[in-house]
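Participant: Please find the sequence and the predicted model below.
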There are 2 protein chains.
Amino acid sequence: MRRVRKTPKQERSRQMVERIVTAGREVLVEHGYDACSTNRVATRAGISPGSLYQYFPDKQAVLAAVIDRYWDDVTERVAAALGDRVADEAGPAMVRATADALLAALERDPALLRVVVRQLPAQEHEARRASLERRVVGLATAYLGPRLPRDHRRDVAAVAWVVVVAVENLAVRWVLDQPAGISRNDLLDQVVALVGGYLGMPGVAGMPAGSTT
Amino acid sequence: MRRVRKTPKQERSRQMVERIVTAGREVLVEHGYDACSTNRVATRAGISPGSLYQYFPDKQAVLAAVIDRYWDDVTERVAAALGDRVADEAGPAMVRATADALLAALERDPALLRVVVRQLPAQEHEARRASLERRVVGLATAYLGPRLPRDHRRDVAAVAWVVVVAVENLAVRWVLDQPAGISRNDLLDQVVALVGGYLGMPGVAGMPAGSTT
DNA sequence: CCCTGATGCGAGTGATCGCTCGCTTTCAAG
DNA sequence: CTTGAAAGCGAGCGATCACTCGCATCAGGG
């Protein structure tokens, strides 16, 4: 019954955790989820399996740390872009800037994104991804609250959820699948049209005046 | 080197495959992905592990069959709803009907949906889900083609992709997460507003006249 | 230089699980 | 009935892998 070391030297320990998490990320990207054994991570980190377990209680914890860092990083970047501009940009520009920031964050490490989204069982990173969403939904709600027409005010929560889920998934899917014929700018245009049309933003009428009968 | 039985009696064989796939689905739902061992599936199907391997080459194939059936079923139901009505309903009504059909299909077995989407590595059901999307994107493209305003015609593919990905993910997420404060009808309303606003459908102006500066 | 506790090591253990193989049962044809 | 091949069985093999434990190493105070 070996216990996790209790912050033995604070500094050395933090570095070790860092090394292990980095090694975990590298193994994940280079060998995939199935081949991501604790021994391989330890070797990659330049330590022995036994040492790894002085810093993490089990394999799950190592992976969780990798995933946490990943989504935290994405969250930071998006929140920064969104936070900066709340209320000081016109609607469409803000939508585009936010989507752009999200795309940029996801594009920083497509290989890791692919492993996380495609190989890991979703429930292993569900919690972190949910917290990213919660934060963005919060910001979106604050933004939308006073801007929705009076007769739709009570729907803010639903509207914010719909926007966030839709945009997030479009961004992830676009980065991973690179659908033929849709350039990065096309995607941003479409996202602005989608959200703008939904929210009735002036000057963004979706595909305007289409005959749809 | 035991080989898969070559359709030995056609009828009995088909029944066996059926029994095994059903058992696989049940084990998946009742015990989860991690506990879905071949021995358990065989036991559940009332056969021995050895017999299972006369009908499937490996574990992966059994799971693939379960997943295939699941997405095929969903695809059928959605395509039926969409196919019936292409061109004989007004835009917004069609969007709602399609979203409704998708929701209904996903709601038929939420437990299985949860296991498939949350526990299975996404790449294991990616192919089938992609084929559902391809089919719906095809139908959507056919529908949208002649209806988009001339200056957006060249975007049909992108528009169809955006609509399908957004709606699909909203539906799956709604069924699995049941977000507080969003009823089934709320969701349908929002989807209609989202898609309608995007496509500029008359009478569906999203959140109309919002001040978004 | 010795002692001691903290740190690190890595071969090994125990459990799991996909899959197999040699045997038994079934059944239809002769 | 006999016979033999097809169908079915299930104990167990072989490989993997998360995790452990007893030992080596080292730092630094005496």
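Facilitator: The structure has been received and is ready for your questions.
Participant: Does residue A:179 belong to a helix, a strand or coil?
Facilitator: Three-state assignment for residue A:179 (DSSP: H, G, I helix; E, B strand; the rest coil): coil.
Participant: Next: the one 3 residues further on.
Facilitator: Following three-state DSSP, residue A:182 is assigned to coil.
Participant: list the contacts for the nearest residue to it once chain neighbours are set aside?
Facilitator: Here the nearest residue to residue A:182 in space, its sequence neighbours aside, is residue B:158; by CB to CB, 6 or more residues apart in numbering or on different chains that works out to 4.7 Å. (C-beta placed from N, C-alpha, C; glycine too.) Applying CB atoms under 8 Å, 6 or more residues apart in numbering or on different chains to residue B:158 gives the contacts A:179, A:181-182, A:186-187, A:190.
Participant: Provide a list of residues in contact with the spatially closest residue to residue A:74 that is not a sequence neighbour.
Facilitator: Once flanking residues are discounted, residue A:74 sits nearest to residue A:105: 4.5 Å by CB to CB, 6+ apart. Residues in contact with residue A:105 (CB under 8 Å, 6+ apart) are A:73-74, A:77-78.
Participant: State the distance from residue A:170 to residue B:156.
Facilitator: 17 Å (CB to CB, to the nearest Å).
Participant: Is any residue of the biggest helix by length in chain A near DNA strand C?
Facilitator: As assigned by DSSP state H, the longest helix anywhere in chain A is helix A:59-85. No: Helix A:59-85 does not reach DNA strand C (CB under 7 Å from any atom of the strand); its nearest approach is 12.2 Å.
Participant: which strands and helices sit next to that helix?
Facilitator: For helix A:59-85, the elements it packs on are helix A:11-31, helix A:38-44, helix A:91-107, helix A:126-144, judged by 3 or more CB pairs under 8 Å, 6 or more residues apart in numbering or on different chains; DSSP states H and E.
Participant: hmm, 10 Å instead?
Facilitator: With contacts taken as 3 or more CB pairs under 10 Å, 6 or more residues apart in numbering or on different chains; DSSP states H and E, helix A:59-85 sits against helix A:11-31, helix A:38-44, helix A:91-107, helix A:110-114, helix A:126-144, helix A:156-177.
Participant: rewinding a little: of all the contacts of residue B:158, the one with the weakest confidence?
Facilitator: The lowest pLDDT within these belongs to residue A:181, with 92.
Participant: Mind pulling up the pLDDT for the closest residue to it other than its chain neighbours?
Facilitator: Of all residues not flanking residue A:181 in the chain, residue B:157 sits nearest, at 5.3 Å (CB to CB, 6+ apart). For residue B:157, the model assigns a pLDDT of 93.
Participant: now residue B:157: how far from DNA strand C?
Facilitator: 39 Å (CB to the nearest atom of the strand, to the nearest Å).
Participant: so that residue touches residue B:137, yeah?
Facilitator: Yes: using CB atoms under 10 Å, residue B:157 makes contact with residue B:137 at a distance of 7.9 Å.
Participant: Those two - which one has more neighbours?
Facilitator: Neighbour count, other CB atoms under 10 Å in any protein chain shown: between residue B:157 and residue B:137, residue B:137 has more, with 21 against 18.
Participant: How about the contacts made by the more buried one?
Facilitator: Shown in contact with residue B:137 (CB atoms under 10 Å, 6 or more residues apart in numbering or on different chains): A:179, B:130, B:156-157, B:159-165.
Participant: List just the nearest of these to DNA strand D.
Facilitator: Nearest to DNA strand D out of the contacts of residue B:137 is residue B:130 (CB to the nearest atom of the strand; 27.4 Å).
Participant: residues near the closest residue in space to residue A:69 that isn't next to it in sequence, how many?
Facilitator: Excluding the flanking residues, the one nearest residue A:69 by CB to CB, 6+ apart is residue A:21, at 6.4 Å. Residues lying near residue A:21 (other CB under 10 Å) number 21.
Participant: From residue A:28, how far off is residue A:21?
Facilitator: To residue A:28, residue A:21 is 11 Å away according to CB to CB.
Participant: likewise residue A:178?
Facilitator: The value you get for residue A:178 to residue A:28, if CB to CB is used, is 21 Å.
Participant: what does residue A:126 give?
Facilitator: For residue A:126 relative to residue A:28 (CB to CB), the value is 17 Å.
Participant: of these two, who's got more company?
Facilitator: Just comparing residue A:126 and residue A:28: by other CB under 10 Å the higher neighbour count belongs to residue A:28, 24 against 15.
Participant: just checking, the more buried one touches residue A:66?
Facilitator: Yes: counting by CB under 10 Å, residue A:28 touches residue A:66, with 6.5 Å between them.
Participant: got any residues that touch both of these two?
Facilitator: Residues touching both residue A:28 and residue A:66 (CB under 10 Å, 6+ apart) are A:36, A:41, A:112, A:115-116, A:120.
Participant: Outline the domain layout of chain A.
Facilitator: By the assignment in automatic domain parsing, chain A contains the domains A:11-56, A:66-199.
Participant: right, is the first one up against DNA strand C?
Facilitator: Yes: contact of domain A:11-56 with DNA strand C (CB under 7 Å from any atom of the strand) involves A:12, A:16, A:39, A:46-51, A:54.
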